[in-house]
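> just need the structure, nothing else, for what follows:
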Amino acid sequence: MLKALSAPSYPLVVIDPFDECAGLLPRLEDGGWRLHRCRLGEAGDQGGEVLLVCLDERTLQQPRQLLELLRCRRAGGVALLHGQSLGRSDVRDWIDEWFCAVHVLPVDTDALLESLACAQTVTRLQDECAAPQLLGTSDPTRALRKQLERYAGLSCPLLLSGERGSGKSLLAQLLHERSPRASRPLLRFDCAAQAAEQLEAGLSASLAATASGSLMLEGVVALADDAQRRLLQRLQVQPAPRLLTLSRGELEEAVRQGRVREDLYRKLAGQRLQTTPLRDNRGELALLAEHFATSYGARLGRLRPGFSEEAIAAMDGHHWPGNVRELRHRIARGVTLAQGRQILARDLGLEPRQATDGHGVTLADYILRAERQALDDVLARYSSNMTHAARSLGISRPTFYRLLHKHRLR
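Next up, the predicted model:
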């Protein structure tokens, strides 16, 4: 699979290559990639399913532009960096949430070519998205779903708050699709990603283009006081779009500090929806992981992949700073890299979880492992005949299916 995807003529966008990349890039061309080298601000005009991003100071000093590129392009990314940068928390956040792989210079060319092929597969998986939906059965998700239905028919501005990757953009899309404005445009405008001299003109154009539709608005804290005043005046004039303002908490903090006008904030936050971080909603983790694995596995034409015990433990122990977006990306990577019927912790880019509580392994743990191993073995042998699989274990079909469900293999 990976070898086939690295065939000649696939375009690769290389962003901000620094001097140490000079000898590497020709070898990538020899490996079958057609390179488009550009600065971060020029990358939006380049074609290509894969991004090779050199994370040096120039790129990291433009976080909004980098975020906008990764979000809009929806392309699998591979990062190159110097060893001393790997320990930086901001670099780790970028890698965890957005990149399929990271390579520290100097780079092994074969390993990099394999990562680029994996990133291309991840791009294709995420491009073939099903209709957006709010998945989950936990109390927070059910409450959010009820709020979504209640607010969808309203025209008042709505503030969508929550951590990065926790589903604010998904909520905005669902609110628009279920509203009377669904046939009208939904646009996204990030004030912080715009050049200062173009900011107000761009915002005015977006407001005009979505006058009868919806506008996802981000980065309001980047607006100067005069621009905030003019925006407030504009919103008090009809017709106006339905504003869906996204905030990771920075807007509320700016209001407390006096950097954002309180009257503008009250206008933007007529109603509020709050997403829940994945680490605080662990009941959804297994459900979402299974959903993404099943969906991506089907698109690759593979039998439904399961998760190894080690992978499940690694996911349970991970903090998920990038929330559902990070989970979705890691599962796409895991399905792509998995060699057998199971996705391993390393396929997800996670470290196996180490026991730290001082307790030994119990008899129940050994029984669970033995059950799981037995199920894996018979599924590999009798994947298309569940009757034979159950008979080989000396159990009934209902018992066999109960065990499959217990170990999340079906």
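> I'd say Leu86 and Val104 touch.
Yes. Between Leu86 and Val104 there is a contact under Cβ atoms under 8 Å: 6.2 Å. The way it works is simple: take the backbone N, C-alpha and C, and place the C-beta from them, glycine included.
> tell me which residues touch Glu177, please.
By Cβ atoms under 8 Å, 6 or more residues apart in numbering, the contact set of Glu177 is Pro132.
> tell me the spacing between it and Leu105.
Going from Glu177 to Leu105 by Cβ to Cβ, to the nearest Å gives 44 Å.
> kindly report the same for Thr141.
Distance, Thr141 to Leu105, using Cβ to Cβ: 42 Å.
> and the residue nearest the centre of the chain, what element?
With distances taken as Cα atoms, centre = their mean, Arg325 lies nearest the centre of the chain, 2.5 Å away. Here Arg325, judged by DSSP states H and E, is contained in helix 323-337.
> same check on Arg34?
strand 33-38.
> got any ranges where the stretch 101-250 of the chain has weak pLDDT?
127-131, 238-239 (pLDDT under 70).
> what ranges does it have for its strands?
Using DSSP state E, counting those that start in this stretch, the strands of the stretch 101-250 of the chain run over 158-161, 186-190, 214-218, 242-247.
> would you mind finding the most buried of those strands?
strand 214-218 (a mean of 25; mean count of other Cβ atoms under 10 Å).
> partner strands of it, with direction?
Note on strand 214-218: by DSSP bridges, its sheet partners are strand 186-190 (parallel), strand 242-247 (parallel).
> can you get me a residue count around Ser166?
25 (other Cβ atoms under 10 Å).
> and for Glu250?
So Glu250, with other Cβ under 10 Å, has 16 neighbours.
> let me see the contact set for it.
Val221.
> how far away is it from Asp56?
25 Å.
> and Thr123, by the same measure?
23 Å.
> then Arg27?
20 Å.
> more neighbours: these two, which one.
With neighbours defined as other Cβ under 10 Å, Arg27 and Asp56 compare such that Asp56 has more, 17 against 14.
> and the angle for the helix or strand hosting Val78 with helix 323-337?
Assigned by DSSP H and E, Val78 falls within strand 76-81. Between the axis of strand 76-81 and that of helix 323-337 there is an angle of 90 degrees, by axes from the mean of the first three to the mean of the last three Cα atoms, to 10 degrees.
> can you give me how far strand 76-81 is from the chain middle?
15 Å (Cα atoms, centre = their mean, to the nearest Å).
> quick one, phi/psi of the nearest residue to the residue nearest to the centre of the chain once chain neighbours are set aside?
In space, and not counting its chain neighbours, Arg325 is closest to Gly165: 3.3 Å by Cβ to Cβ, 6 or more residues apart in numbering. With angles defined as degrees, to the nearest 10, Gly165 sits at phi 80, psi 10.
> distance to Ala389 for the strands paired with strand 214-218 - can I get that in a markdown table?
Listed next are the strands paired with strand 214-218 as a markdown table, based on distance: least, Cβ to Cβ, whole Å:
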| stretch | distance to Ala389 |
| --- | --- |
| strand 186-190 | 47 |
| strand 242-247 | 48 |
